[in-house]
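Visitor: coords please:
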Amino acid sequence: MSGGEGGALRFGVEVSDGGGAKSYEVTMGLQTHKGAPFNAADPVRCIEACFRFLLDREPKESIMSRFDVTVIRRYFPEFDAKLEGYM
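Guide: Predicted structure coming up:
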């Protein structure tokens, strides 16, 4: 994790399973982190929860290699309501 320009946190994430590994670059704005559904929880915990949520819905190969966490709700409208269960 590192601080990014423009008030965003950047995370390098690697997901591996029996089919290999895939790397991702994920950003989360500081304002996003403070608001729902994250509510300023530990940033690493937030990203881990996002990936558990995503991997329950699609294979790792279908997840974009680079994205901001705010795009998740665009593809999965239930994201905000369900994320707490992953935290």
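Visitor: Could you tell me how far Gly20 is located from Pro59?
Guide: Separation of Gly20 from Pro59 (CB to CB, to the nearest Å): 11 Å. Just so you know, the C-beta spots here come from the backbone N, C-alpha and C atoms, and that holds for glycine as well.
Visitor: what do you get for Met87?
Guide: 22 Å.
Visitor: Show me which of those two is the more surrounded one.
Guide: Of the pair Met87 and Pro59, Met87 is the one with more neighbours under other CB atoms under 10 Å, namely 16 against 12.
Visitor: looking at it, that one is touching Ile47, isn't it?
Guide: No: applying CB atoms under 8 Å as the test, Met87 and Ile47 come out as separate, 10.8 Å apart.
Visitor: which SS class is the nearest residue to Pro37 once chain neighbours are set aside?
Guide: Of all residues not flanking Pro37 in the chain, Leu83 sits nearest, at 4.2 Å (CB to CB, 6 or more residues apart in numbering). Look at Leu83: counting by DSSP: H, G, I helix; E, B strand; the rest coil, its state is helix.
Visitor: show me what contacts the closest residue to Ala81 other than its chain neighbours?
Guide: Excluding the flanking residues, the one nearest Ala81 by CB to CB, 6+ apart is Pro37, at 7.8 Å. Counting by CB atoms under 8 Å, 6 or more residues apart in numbering, Pro37 touches Phe79, Asp80, Ala81, Leu83, Glu84.
Visitor: who wins for most neighbours among those?
Guide: Highest count within those by other CB under 10 Å belongs to Leu83, 23 neighbours.
Visitor: how far away is that residue from Asp42?
Guide: With CB to CB as the criterion, Leu83 and Asp42 are 14 Å apart.
Visitor: Show residues contacting stretch 39-59.
Guide: Under CB under 8 Å, 6+ apart, the answer for stretch 39-59 is 1, 9, 11, 13, 15, 26, 28, 33-34, 38, 63, 69, 72, 76, 79, 82-83, 86-87.
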